[in-house]
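In: Quick one, structure for this:
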Amino acid sequence: MVRFLRPLLRGTTYTRLLHLWLPMLSVAFWMFIDPRTPWAPALFLVPLALIPAVRRGEGVQARLLLTPGETDPGISEAGATSWRDRGRTLLWLELRMLLGAAAMFATVRLPILAFELAQCAWGPPPSSLDQLAPHRAYALLAPLPLLALYGVVLGLGALITRCARWLLGPSAAERLAALEERTEQLLERTRIARELHDSIGHALTVAVVQAGAARAAGDPEFTGRALAAIEETGRAALEDLERVLGVLREAERPVSARPTLADAGRLLESARASGAKVDFAVTGAVESLPGPVSREGYRILQEALTNVLRHAGAVPVRVRVTVGERELALEIGNPLPAGLPGSSGGSGLRGIRERAALLGGSAHTGPEAGDWLVRAELPLS
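Out: Purely as a prediction, here's the structure:
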């Protein structure tokens, strides 16, 4: 019984009933003008539905009264942008008026019928039921119209809400825009994950290698250089971490500039301080590179150097950066340690390939002629 009566305690039941009643205001106003044509307001809905803003207003009203509190009710608040949208709006307006008339009739006539049945039980019947003889048994029938009213109100409320989701739901263009926005959000999350992996992974790798080398060397001067390198790398990692966390905290907050290939010097110095002998050569002007290409190139170089320090240690590293007319070419190579099998797996190498693919380029990683090579080609356009 409590479950049966629970809808009476929900505000949505009454806001939906109010939504059904509202179109009847225009009918009631028209009845003062010409009571012989109560159907005339339905004709005025045809030109009204052609106005783009009408669809927006109906969407806002439907969300507020039919689905209050729902975060994603499936009802659009955008104006009509096509004839299909206008046609759906017209159908919605006509259907809303029809269901509103049914709701108004039920909420007025059924309570009156319940009262008249009660009159038949306890006194002379009203004029509308004068064919019935007074009898106490009609008292048992009096609640039936109220139960019917309960079902009509709930049923029409659910029906008008379902029709709103169907007729006022997002158009194909709106669904496509929402899908693109969702895709952008997922790409941003993937990019942030790669940022954290590359930056923090590089810093930790450098710190571990430097600390191990300093402990093995036993040279105070070398230990001082190692600690300085660890400090510089850790500070850069903290800056990257703070920037990424800023993106997570507030999506609208302007993001500070990400490092580009013009800042590659600190990566090379960090690798040299860890004991690697870096042979670096650049062809072309890295300052002229497009921002996305230069930033992703920096991360690819960072991940490649991190892998060298993590898996090969202090070995010679050859880095070549070539800025061409149509693409940026990166090549990072180092001797493959004896007994260490080549592998193309790992999240870092997969991240290099994903970064290149997102820009329409390609990346290849793997052993070649006794060396481990990372090659990436990123188009400039």
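In: Any stretches of the stretch 51-200 of the chain with poor pLDDT?
Out: Scanning the stretch 51-200 of the chain for pLDDT under 70 picks out 127-128, 130, 172-173, 176-181, 183-188, 191-192, 194-195, 198-199.
In: Pop out the phi and psi values for residue 32.
Out: Main-chain torsions, residue 32, degrees, to the nearest 10: phi -70, psi -20.
In: Run a quick neighbour tally on it.
Out: 7 (other Cβ atoms under 10 Å). For glycine as for every other residue, the C-beta is placed from the backbone atoms N, C-alpha and C.
In: can you map out the helices along the stretch 151-300 of the chain?
Out: Under the criterion DSSP state H, counting those that start in this stretch, helices of the stretch 151-300 of the chain are mapped to 172-217, 220-249, 264-273, 291-311.
In: how about residue 376, what does it touch?
Out: Counting by Cβ atoms under 8 Å, 6 or more residues apart in numbering, residue 376 makes contact with 297, 300, 329-331, 352, 355-356, 361-364.
In: same question but for residue 210, I mixed them up
Out: 226-227, 229-230, 273-274.
In: Check these and tell me the two furthest apart.
Out: 227 and 274 (12.4 Å; Cβ to Cβ).
In: where do the strands sit along the stretch 251-381 of the chain?
Out: 277-283, 316-323, 327-335, 362-368, 371-379 (DSSP state E, counting those that start in this stretch).
In: And these: which comes nearest residue 165?
Out: strand 371-379 (43.6 Å).
In: Just checking: what are the partner strands of the closest one?
Out: The pairing partners recorded for strand 371-379 under DSSP bridges are strand 327-335 (antiparallel), strand 362-368 (antiparallel).
In: and the ones you listed, which is most packed in?
Out: strand 327-335 (a mean of 21; mean count of other Cβ atoms under 10 Å).
In: So what touches that strand?
Out: 261, 276, 289, 293-294, 297, 300-301, 304-305, 308, 312, 315-322, 361, 368, 370-380.
In: Generate a ChimeraX selection restricted to the buried subset of these.
Out: Only the buried entries of the contacts of strand 327-335 go into this ChimeraX selection, using 16 or more other Cβ atoms under 10 Å:
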select :261,276,289,293,294,297,300,301,304,305,308,312,315,317,318,319,321,361,372,373,374,375,376,377,378,380
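In: Dump the contacts of residue 210 into a markdown table; add pLDDT as well.
Out: Below are these laid out as a markdown table (pLDDT from 0 to 100):
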| residue | pLDDT |
| --- | --- |
| 226 | 78 |
| 227 | 79 |
| 229 | 77 |
| 230 | 80 |
| 273 | 77 |
| 274 | 74 |
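In: Could you single out the nearest of these to residue 202?
Out: Once Cβ to Cβ is applied, the member of the contacts of residue 210 that ends up nearest residue 202 is residue 274, at 10.6 Å.
In: Now the closest one: closest residue in space that isn't a chain neighbour?
Out: residue 209 (4.5 Å; Cβ to Cβ, 6 or more residues apart in numbering).
In: Distance of the one you found relative to residue 271?
Out: 9 Å (Cβ to Cβ, to the nearest Å).
In: cool, residue 76 as well?
Out: For residue 76 relative to residue 271 (Cβ to Cβ), the value is 53 Å.
In: Give me the more crowded residue out of these two.
Out: Taking other Cβ under 10 Å, residue 76 and residue 271 do not tie; residue 271 has more neighbours (29 against 24).
In: so what pLDDT did that one get?
Out: At residue 271, the pLDDT value in this model is 82.
In: Do I have it right that it meets residue 307?
Out: No: judged on Cβ atoms under 8 Å, residue 271 makes no contact with residue 307 at a distance of 11.1 Å.
In: Next, show the common contact partners of those two.
Out: Shared contacts of residue 271 and residue 307, defined by Cβ under 8 Å, 6+ apart, are absent.
In: ok, and the closest non-adjacent residue to residue 148?
Out: residue 110 (5.7 Å).
In: where does that neighbour land in three-state SS?
Out: Under the three-state scheme (DSSP: H, G, I helix; E, B strand; the rest coil), residue 110 adopts helix.
In: measure it to residue 51 for me?
Out: The spacing between residue 110 and residue 51, counted by Cβ to Cβ, is 36 Å.
In: Now for the closest residue to residue 223 other than its chain neighbours: which residues touch it?
Out: Using Cβ to Cβ, 6+ apart and skipping residues adjacent in sequence, the residue nearest residue 223 is residue 214, 4.3 Å away. By Cβ under 8 Å, 6+ apart, the contact set of residue 214 is 222-223, 226-227.
In: before we move on, what about residue 107?
Out: 17, 21, 149, 152-153.
In: and if we set it to 10 Å?
Out: When contacts are counted by Cβ atoms under 10 Å, 6 or more residues apart in numbering, residue 107 touches 17, 20-21, 149, 152-153, 156.
In: If you rank those by neighbours, which is first?
Out: residue 20 leads these on contacts (other Cβ under 10 Å) with 26 neighbours.
In: which residue sits closest to that one, ignoring its sequence neighbours?
Out: Spatial nearest neighbour of residue 20, chain neighbours left out: residue 103 (3.9 Å); criterion: Cβ to Cβ, 6+ apart.
In: can you tell me the helix or strand for the one you found?
Out: helix 83-122 (DSSP states H and E).
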